[in-house]
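*Asks:* using only what follows, build the 3D model:
(one chain, ligands or ions: 1)
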Amino acid sequence: MQFKSLPGFREFYPEDCALRNFIFERWRNAARRFGFSEWDAPALEPLELFTEKSGEEIVSQLFNFEDKGGRKVSLRPEMTPSLARLVAARAGSLRRPIKWFGIGENYRYEKQQRGRLRAFYQYNADILGEPSCAADAEIIALCVESLRMFGLSEADFCIRLSDRTLWFLFLENLGISEESTAVKVLAVVDKLERVAHDGLLEMMSTALAGTPLDPAGTLATIREFVALKSLGELNTFFSSRSGAEKALARLEEWKKLLSLLNAMGVGEFIRTDLTIVRGLAYYTGFVFEAFQLVGEGRALAGGGRYDKLVKKLGGPDMPAVGFGMGDVTLRNLLEQQELLPQIGDAPDFYAIILGEENRTEALSDVALLRACGFRVEYAFKDGKFGKLIQAAEQTGARYALIYGTNELALGVVKVRDTRERREIAFPRENLAGTLSEILEFGLPVVEEPHCHGDGSCGGHCTCGKHSHD
Ligand code: HAM
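*Replies:* Numbers count the residues shown, from 1 in each chain. Sure, this is the predicted structure:
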């Protein structure tokens, strides 16, 4: 019987691991440049960490169970509640602003489809302890930079920017001041792009139940609102509505944020898009999504401000803003745009050991070269020269090191360029130094010693007439 992995879970063959590492390295590189430090937390957490703090949708997708000690636990569907807990526990001693990033596997029991799996890696970057939009700007700029690192440009993705604070002010202006009703209405807004009009109307009627508001009229005004695509249009819209002073004041924050983003050179990526409200319950202010513009439009990353979460998890009042970026959609996009590199896993050198009696000497060189940081392989079993050369070539090693009885007697090792198929003997003394020069500059070009086919050249030619045993 052959076992299969679970649906929505990936296996990583070496080539997949190499690409995963490539993505992680670029993410790490971007975060470090922005001055972020790496953190991590357990993948298995107490269930209640997620049930109250995340959104309803995520909670319905939890991989949760009771452990053998009767604890209710869940695999993490996201990293933000764990981050807030870590920060809450040491809030007094951490230097602020706290700029942390993490990369970890997350698990969501959702319907598997292209770009969405049940286990995926997510790169998170968050700033805690800074209430001003300077932190939002830094986070959005890092999100852009983390995608630009792969060669993606404004033709490939944009940042759709929205604002839950502005949404709450707008809904208040419409007459929805009860927070629980506003949250229900935002859940309908979240579905605007995915559900047909009749379905939306039904959802809106449920959300507005118990209020005097007309669902169809409210939906129409909301459609008018989400059609606004710039700060100028937002200003005009709120200027024409009475009692919208707070919303107009909030637009001053928008102005500041946009000017910071322009100053950081990422302005061309930003698009005002009020359809973005984010499904997660804890967001409080600016929210955004990095959205793919080529092929099927998918979210590459999502984030925003969540100023109340740390306090809810037992910490002090601590403002926070951050994003999460998944590896699945990003890898698909990079593949589509041919931006994934061919990653080779070849050794630097392959030692060809001719004769078991020479193995001890050869392996002492292998160990020494490995200790110097070279990647070295060799065949575990003795074999004919031709077979061993073939094995060396198959690994992709550019150079083979030939250890035959003659070479060892002369205190040399022959270095063979597996592509050009030429060899030169070098003393075994200071081999690591010699080989590092060869890796950098190639095998030296030397005039081939005259060969009579009788071995008088010392085997330094490539005539192929010498026995190498
Ligand atoms: P999220 O929007 O739920 O936000 O996820 C962020 C990103 O994770 C998505 O844009 C997507 O790239 C990836 N992702 C989510 N679910 C899946 C899935 N089932 N399969 C593959 N990729 C997926 C959060 O998780 C927030 N905690 C982000 C955050 C950090 N906010 C503040 N700090």
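
*Asks:* who in the chain is up against the ligand?
*Replies:* When proximity is defined by CB under 6 Å from any ligand atom, the chain lies next to the ligand at 78, 80, 108, 110, 116-117, 120, 122, 124, 126, 280, 299-303, 322-326, 328-329. The way it works is simple: take the backbone N, C-alpha and C, and place the C-beta from them, glycine included.

*Asks:* can you list the buried residues in stretch 386-394?
*Replies:* For stretch 386-394, burial by neighbour count (16 or more other CB atoms under 10 Å) applies to 388-389, 391-393.

*Asks:* save these as JSON lines, and put in secondary structure too.
*Replies:* Output for those, formatted as JSON lines (DSSP: H, G, I helix; E, B strand; the rest coil):
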{"residue": "388", "secondary structure": "helix"}
{"residue": "389", "secondary structure": "helix"}
{"residue": "391", "secondary structure": "helix"}
{"residue": "392", "secondary structure": "helix"}
{"residue": "393", "secondary structure": "helix"}
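
*Asks:* including distance to residue 153 and pLDDT, could the residues you listed go into JSON lines?
*Replies:* Shown next, in JSON lines, are the buried residues of stretch 386-394 (distance: CB to CB, whole Å; pLDDT from 0 to 100):
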{"residue": "388", "distance to residue 153": "47", "pLDDT": "96"}
{"residue": "389", "distance to residue 153": "45", "pLDDT": "96"}
{"residue": "391", "distance to residue 153": "43", "pLDDT": "96"}
{"residue": "392", "distance to residue 153": "41", "pLDDT": "97"}
{"residue": "393", "distance to residue 153": "39", "pLDDT": "96"}
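
*Asks:* any idea how far the helix or strand hosting residue 328 is from the middle of the chain?
*Replies:* With elements taken from DSSP states H and E, the one containing residue 328 is helix 327-336. The chain centroid and the centroid of helix 327-336 are separated by 10 Å, computed with CA atoms, centre = their mean, to the nearest Å.

*Asks:* one more: stretch 33-52?
*Replies:* Computed by CA atoms, centre = their mean, the chain-centroid distance of stretch 33-52 equals 15 Å.

*Asks:* ditto for stretch 136-145
*Replies:* For stretch 136-145 - counting by CA atoms, centre = their mean - the centre lies 15 Å from the chain centre.

*Asks:* the helices in the stretch 151-300 of the chain, which residues?
*Replies:* For the stretch 151-300 of the chain, helices defined by DSSP state H, counting those that start in this stretch occupy the ranges 164-174, 179-189, 197-207, 215-226, 231-239, 245-263.

*Asks:* show me what contacts residue 336?
*Replies:* Residues counted as contacts of residue 336 (CB atoms under 8 Å, 6 or more residues apart in numbering) are 294-295.

*Asks:* scratch that, residue 87 is what I was asking about
*Replies:* Per CB under 8 Å, 6+ apart, neighbours of residue 87: 94, 98, 100, 128, 310, 315, 318, 320.

*Asks:* the third one: neighbouring residues, count only.
*Replies:* The one in question is residue 100. Applying other CB atoms under 10 Å, we find 21 residues neighbouring residue 100.

*Asks:* repeat for the first one
*Replies:* Using other CB under 10 Å, residue 94 has 15 neighbouring residues.

*Asks:* read off the pLDDT value for it.
*Replies:* Note on residue 94: pLDDT of 95.

*Asks:* same deal with the fourth one?
*Replies:* Looking at residue 128, its pLDDT is 98.
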